[in-house]
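**Student:** Give the three-dimensional model of this entry:
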Amino acid sequence: MYNRIQDSFTDLQAYCDARGYKGYDPYDGLSSSFFRALPFISKNRTARLIWIQGFKKLPINLRPFFGIKEEYNPKALALFLSSYVLLFRKNQLEDYKEKIVFFSEKLLDLSSKGYSGKCWGYNFDWESRAFFLPKYTPTIVVSSYVANALLDAYEILSDEKLLKAARSTCDFILKDLNRKYDDKGNFIFSYSKFDNSAVYNASLLGSRLLSRVYSLTRESILLEEAKKSVVYVSAAQKTDGSWTYGELPFHQWIDNFHTGFNLECISDFAKYSGDRSFDNNITIGFNYYTKTFFTAEGIAKYYNNTTYPVDIHAPAQLIITVCKLGRLSECKKLADTVLNWTVNHMQSEKGYFYFQVRKHSVIKIPYMRWSQAWIFYAMSTYLFYAENDEPGK
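**Tutor:** Numbering: from 1, shown residues only. Below you'll find the predicted structure:
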């Protein structure tokens, strides 16, 4: 299986490299020059939601015809950066090191200005059911992935500006984001400076970063605030080990990859802090995750109660989760079965991976962030951990 994944990854790597790691995104519909030229529509929230969802759900890619360009996405670049760090650790090729330098510099250049610290947002306007965020408005999700990737690069390059940038992102999280508190003083971070949504995986991503920077700087405030957020989210875990996506009425679904994000972040918090008080949360959550979201034939289900659509995020996150939790050896059969199904059913002959397999159709548009960057990171993680047998690193 290792050799098959290596071959699949080589094809994927060639595809991404040939396109300079730029691409389209499922949610980039509002970047359309055609749509922006219609102010009476583009300023309407409902119209923006319909426009975005239309582009996301169409099985054919109409973006070139509506003035949407392939661009760098900061989160995609972060995932590629973390991937190349793993590849370099596995095989110290100069080309990999050059990629690490390139992605690091590009990400530093793309940081958003006017905030308390380094931070990043998506390269397109984004309308969700909870809020609207203009292009490059920083969020806790994008910022935490970028800062973590810069820390990965710091481990290879020993460039202090990378550590400084990641530490600066902690100031964005602690000073700029809103918080929702419980009656014990624990809290959940908001998604951005401009909303008050309570999304569990988003807050945990911020907590993970704070704890990782704490492990390097030993600033107690970082660990103290991170733990309060972890306590809040852990208390929201259901007795069966699951979490809903968030607290808003329309965030009450339970899905595959956000469950994986939660487990990965709590596990990383424990690693960086040395705090094992959340081990039971991880255990029951992991059992629920592995027994609920994957079929015997290797299909990664989207929701806890339905299979479709099969989204490339789900199999990718399984690999990342089992590796980061040090469970690859015990879950090797599951990981291999899911990866095998994914390669067989979701990889194009051109090397890229499809967005979603739906019940009666397949969306084959090669999104760079949502599809390629995530499976690129998952496969590089698999290849590194499977060969090096380094659980939890």
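**Student:** Contacts for the lowest-mean-pLDDT helix or strand in the chain, please.
**Tutor:** Ranked by mean pLDDT, DSSP states H and E, the weakest helix or strand in the chain is helix 39-42, scoring a mean of 81. Applying C-beta atoms under 8 Å, 6 or more residues apart in numbering, the contact partners of helix 39-42 are 30, 35-36, 47-48. C-beta: built from backbone N, CA, C; applies to glycine.
**Student:** Switch those over to TSV; also include secondary structure and distance to Gly274.
**Tutor:** Formatted as TSV, these follow (DSSP: H, G, I helix; E, B strand; the rest coil; distance: C-beta to C-beta, whole Å):
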residue	secondary structure	distance to Gly274
Leu30	helix	44
Phe35	helix	50
Arg36	helix	50
Ala47	helix	50
Arg48	helix	45
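**Student:** Generate a ChimeraX selection restricted to the buried subset of these.
**Tutor:** Only the buried entries of the contacts of helix 39-42 go into this ChimeraX selection, using 16 or more other C-beta atoms under 10 Å:
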select :30,35,48
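**Student:** And the furthest pair within the contacts of helix 39-42?
**Tutor:** Arg36 and Ala47 (11.9 Å; C-beta to C-beta).
**Student:** Low-confidence stretches in the chain?
**Tutor:** 388-393 (pLDDT under 70).
**Student:** Which residue ranges of it form strands?
**Tutor:** Secondary structure of the chain, counting by DSSP state E: strands at 126-127, 132-133, 179-181, 187-189, 310-311, 356-357, 362-363.
**Student:** So which of those is nearest Gly285?
**Tutor:** Of all the strands of the chain, strand 187-189 comes closest under C-beta to C-beta, at 17.0 Å.
**Student:** and that closest one, which strands flank it?
**Tutor:** strand 179-181 (antiparallel) (DSSP bridges).
**Student:** which residues touch the strand it pairs with?
**Tutor:** 187-190, 196, 198, 247.
**Student:** for it, which positions count as buried?
**Tutor:** Arg179.
**Student:** before we move on, what about stretch 101-116?
**Tutor:** 103-104, 107, 110-112, 115-116.
**Student:** follow-up on the earlier one: just the buried ones from the contacts of strand 179-181?
**Tutor:** 187-190, 198.
**Student:** Considering the residues you listed, which is situated nearest to Leu210?
**Tutor:** Among those, and counting by C-beta to C-beta, the member closest to Leu210 is Phe189, at 9.7 Å.
**Student:** isn't the closest one right next to Ile173, touching?
**Tutor:** Yes - Phe189 lies in contact with Ile173 (C-beta atoms under 8 Å); the separation is 6.5 Å.
**Student:** which residues are in contact with both of the two?
**Tutor:** By C-beta under 8 Å, 6+ apart, the residues touching both Phe189 and Ile173 are 140, 206.
**Student:** thinking again about what came up before, in helices, which of the buried residues of stretch 101-116 appear?
**Tutor:** 103-104, 107 (DSSP state H).
**Student:** Make CSV from these and add distance to Tyr367 to it.
**Tutor:** Output for these, formatted as CSV (distance: C-beta to C-beta, whole Å):
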residue, distance to Tyr367
Phe103, 18
Ser104, 23
Leu107, 19
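**Student:** ok, back up a step: want to throw the strands of the chain into JSON lines with distance to Glu264?
**Tutor:** Output for the strands of the chain, formatted as JSON lines (distance: least, C-beta to C-beta, whole Å):
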{"stretch": "strand 126-127", "distance to Glu264": "23"}
{"stretch": "strand 132-133", "distance to Glu264": "24"}
{"stretch": "strand 179-181", "distance to Glu264": "22"}
{"stretch": "strand 187-189", "distance to Glu264": "17"}
{"stretch": "strand 310-311", "distance to Glu264": "17"}
{"stretch": "strand 356-357", "distance to Glu264": "22"}
{"stretch": "strand 362-363", "distance to Glu264": "26"}
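**Student:** This protein - how does it break down into domains?
**Tutor:** The chain breaks down into these domains under automatic domain parsing: 1-26+294-393, 29-70.
**Student:** now the helices: where do they sit in the stretch 51-200 of the chain?
**Tutor:** Counting by DSSP state H, counting those that start in this stretch, the stretch 51-200 of the chain has helices at residues 74-90, 94-109, 140-157, 160-171, 200-217.
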